[in-house]
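# Task: produce atomic coordinates for the following.
(4 chains)
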Protein chains: 2
Amino acid sequence: MLSMNPAQSKVEDTALSTKKRILNAAEHLFVEKGFAATSLRAISSLAEVNLSATHYHFGSKEGLFAAVIHRRVHPVNASRVKALETLTQGVNVLSVDEIITAFLSPFSGELPTALPRLMARVHGEPPALVRPLLQEEFGQVMNLFLKHLAIALPALGERELRWRFHFMIGAMMQLLNGGNPLEVEPDESTFSEGLEKLKLFVIAGFKAPTASMDLSREKKV
Amino acid sequence: MLSMNPAQSKVEDTALSTKKRILNAAEHLFVEKGFAATSLRAISSLAEVNLSATHYHFGSKEGLFAAVIHRRVHPVNASRVKALETLTQGVNVLSVDEIITAFLSPFSGELPTALPRLMARVHGEPPALVRPLLQEEFGQVMNLFLKHLAIALPALGERELRWRFHFMIGAMMQLLNGGNPLEVEPDESTFSEGLEKLKLFVIAGFKAPTASMDLSREKKV
DNA sequence: GTCTATATTGGGATAGAC
DNA sequence: GTCTATCCCAATATAGAC
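You can find the predicted model right below:
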């Protein structure tokens, strides 16, 4: 909520359309309390719109949830694909570092502060609620990144690569979730510090040697 | 739910005490649908106990939630501390590999199948609901592991170490969550495969070089 | 497209008999 | 310690006037 236009500082900003006010209020409450614990009444109250407007514009609570997510996720995919396309100008093989940087590009620089936490919150919802949504929203772009990573890391099998991608998502969510391990109030500088640390962590994870023996029996490093 | 005693195969197993039947049913539903979307009525119905019994034994829905978590988390902490103590017999400095293996020891071998997914589900609940609980349940043991890691990785600053520990938690949750990146039905062998991959990933992450320059400007590896 | 009013269902919690 | 019955409130969704 730093460096925000005063006209947008209130979630319910009455200068916006009814639809956008609902989306803003819903996003805020879904992030704070989760989907199930957020009522349409609380949303329409915060947005200062009539309760029925939510059904008119979005059909149902789940429809509203999907719309809230789509509004933020669409730019995320666009940013990732664009970053990747910029890198592939005239080059065939990208490095792991470049691919990861492209994948995390939506979180560099200025961003709507709701985005990271919304993504983390959606990721944390029960799979029964969000699995189809996540596949729909992220599936294609995820496969694109897996394709590039498979080329950058030819020694890794497809299974190993997919596991490591899976773990990267989890590590990333820890950053996006807004918490931090330093027990300080999170702010923009903490976030960008975490982003930098995250890159080092997951790049090393991707480049880890594959297991050919039980590591627990090895001598210490 | 593999290799389970038939007498325990039903969540509501009427041979158990009322309290345990409630805990089992609540655990099952919290894992599947999350805290907010699970009603006490659904729990008492599945457990085949009276609705009022939940309030008698646990005081409130949140009290029941805390009890469900505590029952599983207590052995997790015990397993981690014991694994660490076994390793420190006569030795002062543990390797990263040993420390991570100890941290993940609760998930090796046979385990109650509800444990991993319960932990992932709790992790995914809104922070407002679970942050105090997580601190209470995991705080001490987490600090113990941070202490050992600080010794094993003296080149890492405290901040960097805490960030990496943070990311490890996220990667681990991806495994515990029960999903897998292979688009196959999860089973025990998938889980132990993932556990092995997870170790390689996070150990490499902990051992990653610290950033002294912008990696994106480096040449490819 | 927005309002009021309401249908319908389900929620957590409690009182008090047994 | 377990039951029935109930309080009181909140939920999603819809009907229909304007």
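# Could I get the pLDDT score of residue A:4?
Residue-level confidence at residue A:4 comes out at 44, pLDDT.
# wait, residue A:180
pLDDT for residue A:180: 89.
# So it sits against residue A:194, correct?
Yes - the criterion here is CB atoms under 8 Å, and residue A:180 meets it with residue A:194 at 6.2 Å. C-betas here are computed from N, CA, C, even on glycine.
# So if I had to pick from those two, which one is more boxed in?
More neighbours sit around residue A:194 than around the other of residue A:180 and residue A:194, counting by other CB atoms under 10 Å in any protein chain shown; the figures are 24 against 20.
# nearest spatial neighbour of the spatially most central residue of chain A, skipping sequence neighbours?
Relative to the mean C-alpha position of chain A, the nearest C-alpha, by CA atoms, centre = their mean, is the one of residue A:119, at 3.9 Å. By the measure of CB to CB, 6 or more residues apart in numbering or on different chains, the closest residue to residue A:119 outside its immediate chain neighbours is residue A:176, 5.2 Å from it.
# and if you look at residue A:199?
Among residues not flanking residue A:199 along the chain, residue A:100 sits closest, at 5.9 Å (CB to CB, 6+ apart).
# show me the contacts for the one you found.
Shown in contact with residue A:100 (CB atoms under 8 Å, 6 or more residues apart in numbering or on different chains): A:168, A:199, A:202, A:203, A:206.
# Try it again at 7 Å.
A:199, A:202, A:203 (CB atoms under 7 Å, 6 or more residues apart in numbering or on different chains).
# Please report phi then psi for the residue nearest to residue A:119.
For residue A:176, the backbone dihedrals are phi -60, psi -30 (criterion: degrees, to the nearest 10).
# how close does it sit to residue A:90?
Here the criterion is CB to CB, to the nearest Å. By it, residue A:176 lies 32 Å from residue A:90.
# now do residue A:203
In this structure, residue A:203 lies at 23 Å from residue A:90, with CB to CB as the measure.
# re earlier: tell me which of residue A:176 and residue A:90 has more neighbours.
Relative neighbour count places residue A:176 above the other of residue A:176 and residue A:90, with 23 against 5, counting by other CB under 10 Å.
# got the contact list for the closest residue to residue A:190 other than its chain neighbours?
Of all residues not flanking residue A:190 in the chain, residue A:180 sits nearest, at 5.4 Å (CB to CB, 6+ apart). Going by CB under 7 Å, 6+ apart, residue A:180 touches A:186, A:190, A:194.
# now those in TSV, with distance to residue B:115 and pLDDT?
Formatted as TSV, those follow (distance: CB to CB, whole Å; pLDDT from 0 to 100):
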residue	distance to residue B:115	pLDDT
A:186	30	87
A:190	32	92
A:194	29	96
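# so which of those comes closest to chain B?
Comparing the contacts of residue A:180 against chain B with CB to the nearest CB places residue A:194 closest, at 6.1 Å.
# any low-confidence regions in chain A?
Within chain A, the stretches falling below the threshold (pLDDT under 70) are A:1-14, A:212-221.
# By proximity to DNA strand C, which residue of it wins?
Here the residue of chain A nearest DNA strand C is residue A:50; by CB to the nearest atom of the strand that distance is 2.8 Å.
# burial of the closest residue to that residue other than its chain neighbours, as a residue count?
The spatially closest residue to residue A:50, leaving aside those adjacent along the chain, is residue A:44, at 6.4 Å (CB to CB, 6+ apart). By other CB under 10 Å, 22 other residues sit near residue A:44.
# My guess is residue A:44 contacts residue A:55. True?
No - assessed by CB atoms under 7 Å, residue A:44 is found out of contact with residue A:55, at 9.9 Å.
# Now list whatever residues contact both of the two.
Common neighbours of residue A:44 and residue A:55 (CB under 7 Å, 6+ apart) do not exist.
# For burial, what's the neighbour tally of the residue of chain A found nearest DNA strand D?
When you check chain A against DNA strand D by CB to the nearest atom of the strand, the closest residue turns out to be residue A:39, at 3.0 Å. In terms of burial, residue A:39 registers 13 neighbours under the definition other CB under 10 Å.
# what does residue A:144 give?
Neighbour count for residue A:144, taken as other CB under 10 Å: 15.
# Leaving aside the residues adjacent along the chain, what's closest to residue A:102?
For residue A:102, ignoring the flanking residues on the chain, the nearest one in space by CB to CB, 6+ apart is residue A:83 at 3.8 Å.
# wait, I meant residue A:192
Take residue A:192 and drop its neighbours on the chain: the residue closest to it by CB to CB, 6+ apart is residue A:108, 7.8 Å away.
# Next, give phi and psi for that neighbour.
phi -90, psi 150.
# In three-state terms, label residue A:15 for me.
The assignment at residue A:15 comes out as coil when based on DSSP: H, G, I helix; E, B strand; the rest coil.
# returning to what we had before: contacts only, for the residue nearest to residue A:50.
Residue A:44 makes contacts with A:50, A:51, A:53, A:54, as judged by CB under 7 Å, 6+ apart.
# Go back to the residues you listed and keep what's next to DNA strand D.
Counting by CB under 7 Å from any atom of the strand, residue A:51 from the contacts of residue A:44 sit close to DNA strand D.
# and chain A, which residues reach DNA strand C?
Residues of chain A lying close to DNA strand C (CB under 7 Å from any atom of the strand) are A:17, A:18, A:19, A:49, A:50, A:51, A:52, A:53, A:56, A:57.
# Closest to residue B:69 out of those residues?
residue A:51 (34.9 Å; CB to CB).
# Tell me who's in contact with that closest one.
Contacts of residue A:51 were listed using CB under 7 Å, 6+ apart, and they are A:40, A:41, A:44.
# before we move on, what about residue A:205?
Listed by CB under 7 Å, 6+ apart, the contact partners of residue A:205 are A:164, A:167, A:168, B:201, B:202, B:204, B:205.
# name the element it belongs to?
Here residue A:205 is covered by helix A:188-207, with elements defined by DSSP states H and E.
# Quick check: buried residues in that helix?
Residues A:190-191, A:193-207 are the ones in helix A:188-207 that count as buried (16 or more other CB atoms under 10 Å in any protein chain shown).
# Send me it as PDB with only the CA atoms.
The C-alpha atoms that make up helix A:188-207 are tabulated as PDB, following Å, rounded to 0.1, in the frame of the first residue of the first chain:
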ATOM      1  CA  GLU A 188       9.200  -3.300  -0.200                       C
ATOM      2  CA  SER A 189      12.900  -3.600   0.600                       C
ATOM      3  CA  THR A 190      12.400  -6.800   2.500                       C
ATOM      4  CA  PHE A 191      10.500  -8.200  -0.500                       C
ATOM      5  CA  SER A 192      13.200  -7.400  -3.000                       C
ATOM      6  CA  GLU A 193      15.800  -8.800  -0.600                       C
ATOM      7  CA  GLY A 194      13.800 -12.000  -0.400                       C
ATOM      8  CA  LEU A 195      13.500 -12.100  -4.200                       C
ATOM      9  CA  GLU A 196      17.200 -11.900  -4.600                       C
ATOM     10  CA  LYS A 197      17.800 -14.700  -2.000                       C
ATOM     11  CA  LEU A 198      15.100 -16.800  -3.600                       C
ATOM     12  CA  LYS A 199      16.800 -16.700  -6.900                       C
ATOM     13  CA  LEU A 200      20.100 -17.900  -5.400                       C
ATOM     14  CA  PHE A 201      18.200 -20.700  -3.600                       C
ATOM     15  CA  VAL A 202      16.200 -22.100  -6.500                       C
ATOM     16  CA  ILE A 203      18.900 -21.700  -9.100                       C
ATOM     17  CA  ALA A 204      21.200 -23.800  -6.900                       C
ATOM     18  CA  GLY A 205      18.400 -26.200  -6.300                       C
ATOM     19  CA  PHE A 206      17.900 -26.700 -10.100                       C
ATOM     20  CA  LYS A 207      21.600 -27.200 -10.600                       C
END
